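**Q** Would you be able to build a 3D model of this:
(4 chains)
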There are 2 protein chains.
Amino acid sequence: MTQERPDLRERKKRATQEALREAALRLALEHGTANVRVADIAEAAGVSPRTYNNYFSSREQAIVAAVTARREARIAEATAAQPAHIPLADAVTTAIVQVYTTPGDDDHPALLLIATDPALRHAFLDTTAGIEAPLTTAMARRLGHTDQDTARILAASVTAAVRIALERWLRPATGSAAGLVVPTGSLPDLLRDALAPLAPALDAAR
Amino acid sequence: MTQERPDLRERKKRATQEALREAALRLALEHGTANVRVADIAEAAGVSPRTYNNYFSSREQAIVAAVTARREARIAEATAAQPAHIPLADAVTTAIVQVYTTPGDDDHPALLLIATDPALRHAFLDTTAGIEAPLTTAMARRLGHTDQDTARILAASVTAAVRIALERWLRPATGSAAGLVVPTGSLPDLLRDALAPLAPALDAAR
DNA sequence: ACGCAAACTTGCGTGCACGCAAGTTTTGCC
DNA sequence: GGCAAAACTTGCGTGCACGCAAGTTTGCGT
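**A** So this is what the prediction gives:
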């Protein structure tokens, strides 16, 4: 795997990125999304506001990144890890369910926050697009490199389906009272249901 | 059809919207995308800058809207117009090809502009998402209302495929020289190819 | 015809994204 | 070890998106 990056530069970059992410999330949880200025995040992470903007192009993006970081890489790994002989639809579904139902255990409060705020919700759903590229290559590999274009289309469709599942998962949270927000409304089931209609197309690709 | 809206208010709104759209496009074509201030567009349309922002939330959106206006409505019509007995995949493909290959004849210069500017290209591709809702209802109707959720997933997948086709269509434009930009690289073929992998899933929905 | 309520416009203020042109750190090479 | 190029950070300036609270226009019931 392409995993070696002990470059000093690279490590610093990752560190700054993480500092920004976590500062953003922490401040948002402490003071509420609306009361977090970009300047605050930058200061808390020990960099200039301008640098913050070199890493994220919106407050929402930074906050949400604390939860979605590394998801793309995990998707790639999980898909590659599926046994080669099972049908594509099963492989993809399993991989996705696996990644999305193993969140960092400490980010439940974060998900609650995201579910509450419309802007955050939107930003969160947008990050789903990030899995398209890794999915494309993983699926292309499975399809024997013969049809790069088909893989791309199918990956994009899967991505769209996942987005819809997440959308549905977060929607109930907007409901009246507070109760147990972030409904945990069986994300795995939502994902499986969303992916099911695509199975014929996935398995038709030889 | 829900087509009656001769409300005075409604007419004024449409008029303002159109004025803004066309002002934006005209100015962009005349002076180049980078040299168009929001204030200019607003002035050219005869409204305040603040009002401009009530209609569009970015310059790119306004410019691109001049080309994509009413596409959503046309998608709905075209899909509904397909004979009920042909397979879903064929119906959808035909409808989409029809809509995307019948652009306003006078907007070829606009497409050239869009193909040139990365920000505009992005904004243009983003408008594709607008066809998802109409597609969903049109497809749900065909599927006999039995499976609203499936329709949504399939519509989203189709939308993703269309986006990719448009992406490919616009990509060659970034190439070296200028030559015949907006390659007209057979958009219909690109669309058909992009939709083909989804056919099994579309036809599996009963 | 009148008037109230809802919809739309506008000016203002705030925070923000991002290009640009220095400064600063890291790297690779001799 | 030292130095030149590449990568990254930072301050500054500009244009922008959008909330808010008037002001204005349109719709509608009586």
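**Q** C-alpha only now, for contacts and for neighbours.
**A** OK.
**Q** OK, contacts around residue A:121?
**A** The contact partners of residue A:121, taken as C-alpha atoms under 8 Å, 6 or more residues apart in numbering or on different chains, are A:114, A:115, A:170.
**Q** Now whatever helix or strand it lives in: average pLDDT?
**A** Here residue A:121 sits within helix A:118-127, counting by DSSP states H and E. Computed over helix A:118-127, the mean pLDDT rounds to 96.
**Q** just stretch A:97-111 next, same as before
**A** 85.
**Q** Got the confidence number for the residue positioned nearest the centre of chain A?
**A** Chain A has residue A:68 as the residue nearest its centroid, 4.2 Å off, counting by C-alpha atoms, centre = their mean. On the pLDDT scale, residue A:68 is placed at 95.
**Q** ok, it touching residue A:125?
**A** No. Using C-alpha atoms under 8 Å, residue A:68 is not in contact with residue A:125, being 10.1 Å away.
**Q** Got the domain ranges for chain A?
**A** Under the assignment automatic domain parsing, the domains of chain A span A:8-63, A:70-204.
**Q** Could you work out which of those domains reaches nearest to DNA strand C?
**A** domain A:8-63 (2.9 Å; C-alpha to the nearest atom of the strand).
**Q** That closest one and chain B in contact?
**A** No. Domain A:8-63 lies apart from chain B when judged by C-alpha under 8 Å from any C-alpha of the partner chain; the minimum separation is 14.6 Å.
**Q** Give me the distance between the two termini of that domain.
**A** From its first residue to its last, domain A:8-63 covers 25 Å (C-alpha to C-alpha, to the nearest Å).
**Q** just stretch A:142-152 next, same as before
**A** End-to-end distance (C-alpha to C-alpha), stretch A:142-152: 12 Å.
**Q** Then stretch A:43-56?
**A** 15 Å.
**Q** got the buried residues for that stretch?
**A** A:44, A:45, A:49, A:52, A:56 (16 or more other C-alpha atoms under 10 Å in any protein chain shown).
**Q** and residue A:149, how far is that from residue B:193?
**A** The value you get for residue A:149 to residue B:193, if C-alpha to C-alpha is used, is 9 Å.
**Q** Please identify which helix or strand holds residue A:28.
**A** Applying DSSP H and E, one finds residue A:28 within helix A:8-31.
**Q** which other helices and strands contact that helix?
**A** The helices and strands touching helix A:8-31, judged by 3 or more C-alpha pairs under 8 Å, 6 or more residues apart in numbering or on different chains; DSSP states H and E, are helix A:38-45, helix A:59-68, helix A:108-116.
**Q** let's go with 7 Å and repeat that
**A** helix A:38-45, helix A:59-68 (3 or more C-alpha pairs under 7 Å, 6 or more residues apart in numbering or on different chains; DSSP states H and E).
**Q** In terms of secondary structure, what does the shortest one contact?
**A** Other helices and strands packing on helix A:38-45, by 3+ C-alpha pairs under 7 Å, 6+ apart, are helix A:8-31, helix A:49-55.
**Q** can I get the ones you listed in a markdown table with mean pLDDT?
**A** Formatted as a markdown table, those follow (pLDDT from 0 to 100):
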| stretch | mean pLDDT |
| --- | --- |
| helix A:8-31 | 96 |
| helix A:49-55 | 98 |
